[in-house]
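Enquirer: just coords:
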């Protein structure tokens, strides 16, 4: 009996053990939730060294805070505000740092890039301007180049600025630097060989000494950069000649109408002059809005060779002799007869009303923000604009005369937000950072001012204002 009882107990124990194993096995085969790994937002390279950093890793590094502001190429000042981030020197320590034989290439998500010298990275050596007047001044406080992730105590707007934005900070809120150093959506730092700095002289109705950094900024993909592939399959990158001419053919240096078509149609000569004095001359009629004639600063992504450095004129329809290298200056030979001829043409065009009307669909994937002194900020998408009642009308452009446009009256756009009573100024902001400031009262009184579009871009059409107010690729309307 005892033996049977013992045998029975063993059988029960075995059954329980098997049951327990079954339960355990069922639990073990259940697939657990897998957490996504943090995504890297910054790549740092120096030769064979590559470091990828997530946002959290960047925030663990020693932080720097300070004021940073910019002055655009048109003289528009964005007042200094407080930024927080990590110094470039701290980030580069992760890949053995930088010395005077190297430079640093900073690249944004969309491919836009700028190159800084070791002196700029380490010592903050930037041209500085008075935040009130825009006059060049000696630095009021040392500057530090940082990748910022906060502005005014808040994380950057990922749509507007990305996760990281390069700025030059200091303890002073009375100084600003050139706008091209404020690079948004930064995602890559690359240490490379040092560059040789250079300048390009532009001489015309006004004169400009264009710095290397200004040219490099203008040649970015999201700005005015173009490429040309020659018969040797070499890719040249730079800025079309006509755009550089448009910076100095009159007082309008950077707007949709910066290139004076009337002046160009009347005809004048343009000299492209090399360092050794060799000169190639073009007539304005032959280069007007021709994106195929490029002043190039890169070939296959690299600086030009010693013979052509720093700039070379290239293009499919240029002869070998016209492709002048080692360009030092571009000189416009404007005469009084040309000006008189343009004036006469303007008088003939004045009052013209028979223009071809246009009808474009709103370009896809566009946004225009209404910000600043409003009760509640608003973002208008392409879909929002398409649902509004657009008008196809003729307005007068200060340089082009009467043109056909399609758009929505600005007064209807402004009615979508409640503008605060202390707002006095409207700032129109383009995607490339260009800004123009207009008196709010004057804009409100304008019956022929529109937020419009063409086949590709959102634009402002501001009849009665200077051509600088005709902003292309509009992304923001600020009330101040």
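Expert: Okay, I see it. Being a predicted model, the structure only gives us computed values, none of them experimental.

Enquirer: Point out where the stretch 151-300 of the chain drops to low pLDDT.
Expert: For the stretch 151-300 of the chain, applying pLDDT under 70 flags the ranges 221-223, 254-257.

Enquirer: residue ranges of the strands in it, please?
Expert: Remark: strands assigned in the stretch 151-300 of the chain by DSSP state E, counting those that start in this stretch are 154-155, 165-169, 175-178, 186-193, 199-203, 207-211, 226-229, 235-240, 269-274, 279-283, 294-299.

Enquirer: So which of those is nearest residue 394?
Expert: Closest approach to residue 394 among those is made by strand 235-240 (28.9 Å; CB to CB). (C-beta placed from N, C-alpha, C; glycine too.)

Enquirer: Off-centre distance for the closest one?
Expert: 17 Å (CA atoms, centre = their mean, to the nearest Å).

Enquirer: And for stretch 385-395?
Expert: Worked out by CA atoms, centre = their mean, stretch 385-395 lies 28 Å from the chain centre.

Enquirer: Same question for stretch 111-124.
Expert: 17 Å.

Enquirer: hmm, back to that, may I see the strands of the stretch 151-300 of the chain arranged in TSV, with mean neighbour count and distance to residue 357 as well?
Expert: Below are the strands of the stretch 151-300 of the chain laid out as TSV (neighbours: other CB atoms under 10 Å; distance: least, CB to CB, whole Å):
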stretch	mean neighbour count	distance to residue 357
strand 154-155	10	45
strand 165-169	25	42
strand 175-178	24	41
strand 186-193	18	43
strand 199-203	17	37
strand 207-211	15	38
strand 226-229	16	31
strand 235-240	22	29
strand 269-274	19	35
strand 279-283	15	33
strand 294-299	23	34
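
Enquirer: will you turn those into JSON lines that also has distance to residue 448?
Expert: What follows is the strands of the stretch 151-300 of the chain, written out as JSON lines (distance: least, CB to CB, whole Å):
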{"stretch": "strand 154-155", "distance to residue 448": "39"}
{"stretch": "strand 165-169", "distance to residue 448": "37"}
{"stretch": "strand 175-178", "distance to residue 448": "34"}
{"stretch": "strand 186-193", "distance to residue 448": "40"}
{"stretch": "strand 199-203", "distance to residue 448": "33"}
{"stretch": "strand 207-211", "distance to residue 448": "32"}
{"stretch": "strand 226-229", "distance to residue 448": "33"}
{"stretch": "strand 235-240", "distance to residue 448": "31"}
{"stretch": "strand 269-274", "distance to residue 448": "34"}
{"stretch": "strand 279-283", "distance to residue 448": "35"}
{"stretch": "strand 294-299", "distance to residue 448": "36"}
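
Enquirer: Those strands: which one's closest to residue 334?
Expert: strand 269-274 (8.9 Å).

Enquirer: and the closest one, which strands flank it?
Expert: strand 279-283 (antiparallel), strand 327-333 (antiparallel) (DSSP bridges).

Enquirer: In CSV: those strands, plus distance to residue 76.
Expert: Below are those laid out as CSV (distance: least, CB to CB, whole Å):
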stretch, distance to residue 76
strand 279-283, 31
strand 327-333, 24
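
Enquirer: Please determine how far the spatially closest residue to residue 439 that is not a sequence neighbour is located from residue 477.
Expert: Leaving aside its chain neighbours, residue 439 sits nearest to residue 425 (6.5 Å; criterion: CB to CB, 6 or more residues apart in numbering). Per CB to CB, to the nearest Å, residue 425 is found 11 Å from residue 477.

Enquirer: More neighbours: the two, which one.
Expert: residue 477 (25 against 15; other CB atoms under 10 Å).

Enquirer: beta partners for the more buried one?
Expert: residue 370, residue 428.

Enquirer: thought it was touching residue 423?
Expert: No: contact criterion CB atoms under 8 Å: residue 477 and residue 423 do not qualify, at 11.2 Å.

Enquirer: and stretch 396-410, how far out from the chain's middle?
Expert: For stretch 396-410, the distance to the chain centre is 25 Å (CA atoms, centre = their mean).

Enquirer: Just the element for residue 105, please.
Expert: Assigned by DSSP states H and E, residue 105 falls within strand 102-108.

Enquirer: Of all residues in this protein, which one is nearest the centre?
Expert: Against the mean C-alpha coordinate of the chain, by CA atoms, centre = their mean, the closest residue is residue 432 at 3.5 Å.

Enquirer: what packs against whichever helix or strand comes after the strand holding residue 105?
Expert: Moving toward the C-terminus from strand 102-108, the next helix or strand (DSSP H and E) is strand 113-117. Contacts defined by 3 or more CB pairs under 8 Å, 6 or more residues apart in numbering; DSSP states H and E place strand 113-117 against strand 102-108, helix 212-218.

Enquirer: Out of the ones you listed, flag the one nearest residue 136.
Expert: Comparing the helices and strands packed on strand 113-117 by CB to CB, helix 212-218 comes nearest, at 14.1 Å.

Enquirer: From residue 427, how far out is the residue lying closest to residue 81 once chain neighbours are set aside?
Expert: Once flanking residues are discounted, residue 81 sits nearest to residue 152: 5.8 Å by CB to CB, 6+ apart. Remark: distance between residue 152 and residue 427 (CB to CB) = 18 Å.

Enquirer: Comparing these two, which shows the higher neighbour count?
Expert: residue 427 (18 against 8).

Enquirer: okay but residue 212 is in contact with residue 218, surely?
Expert: No: using CB under 8 Å, residue 212 makes no contact with residue 218, being 10.8 Å away.

Enquirer: that older thread, and the helices and strands packed on strand 113-117 as JSON lines, adding mean neighbour count and distance to residue 184?
Expert: Output for these, formatted as JSON lines (neighbours: other CB under 10 Å; distance: least, CB to CB, whole Å):
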{"stretch": "strand 102-108", "mean neighbour count": "20", "distance to residue 184": "6"}
{"stretch": "helix 212-218", "mean neighbour count": "20", "distance to residue 184": "13"}
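
Enquirer: and the strand of greatest length in the chain, what does it pack onto?
Expert: Ordering each strand of the chain by length in residues (DSSP state E) puts strand 77-87 first. In this structure, strand 77-87 packs against strand 64-71, strand 144-151, strand 165-169, strand 175-178, with contacts taken as 3+ CB pairs under 8 Å, 6+ apart.
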